[in-house]
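J.: Any chance you could fold what I've pasted below:
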Amino acid sequence: MAGSFTDLPMKLLTPSSSSNIKEFALKTVPAASKTEIKSFLQSMFGLQVEKVRTLNMQGKKKRRGGHLIARPNYKKAYVTLKTPFVFSSDFFPVSAIEEDTKGMDKLSNVSERGEWKALQLGAKYDFSQGRT
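T.: This is a model prediction of the structure:
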């Protein structure tokens, strides 16, 4: 079990919307209990927690060159609040994440149109002129 709140790292998983949230998900260490999660949220953030449901998740495992590479196991906690909560932009910047994904879409569109011919295999690039 975790000894204190500083030993209880939590990561907020992306909510579907940032307004009037009554239930949200957290990712934490496997040793955290429901009562520890509830008391942490009530004391640190002042949230009124109704119930906490938890799942023990196995970390993903891959084989690379004969070696087994694994991500650590974690616990996923679904927290239900007594009253709806509105996330501020400072607490969880949903708009910043959406802007980043839009920028990534623009980059993929450029590569689909063939504007980055220099990145293709076998293409010759003239660095002095900046063109293929």
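J.: May I have the predicted confidence score for residue 77?
T.: Residue 77 carries a pLDDT value of 95.
J.: Pull the number of nearby residues for it.
T.: Residue 77: 23 surrounding residues under other Cβ atoms under 10 Å. For glycine as for every other residue, the C-beta is placed from the backbone atoms N, C-alpha and C.
J.: Repeat that for residue 73.
T.: Neighbour tally, residue 73, other Cβ under 10 Å: 11.
J.: same for the host helix or strand of residue 50, what does it pack against?
T.: Here residue 50 sits within strand 49-57, counting by DSSP states H and E. In terms of contacts (3 or more Cβ pairs under 8 Å, 6 or more residues apart in numbering; DSSP states H and E), strand 49-57 is packed against helix 34-45, strand 74-85.
J.: so which of these gets nearest residue 26?
T.: Of all the helices and strands packed on strand 49-57, it is strand 74-85 that lies closest to residue 26, at 4.6 Å by Cβ to Cβ.
J.: Contacts for stretch 67-74 next, please.
T.: 27, 28, 29, 30, 56, 57, 58, 59, 60, 61, 62, 63 (Cβ atoms under 8 Å, 6 or more residues apart in numbering).
J.: What's opposite the first one in the beta bridge?
T.: Taking DSSP bridges, one obtains residue 11, residue 76 as the residues bridged to residue 27.
J.: Distance check, it against residue 68.
T.: Going from residue 27 to residue 68 by Cβ to Cβ, to the nearest Å gives 22 Å.
J.: Compare neighbour counts for the two and give me the winner.
T.: Taking other Cβ under 10 Å, residue 27 and residue 68 do not tie; residue 27 has more neighbours (14 against 8).
J.: Surely that one and residue 76 touch.
T.: Yes. Using Cβ atoms under 8 Å, residue 27 is in contact with residue 76, at 5.9 Å.
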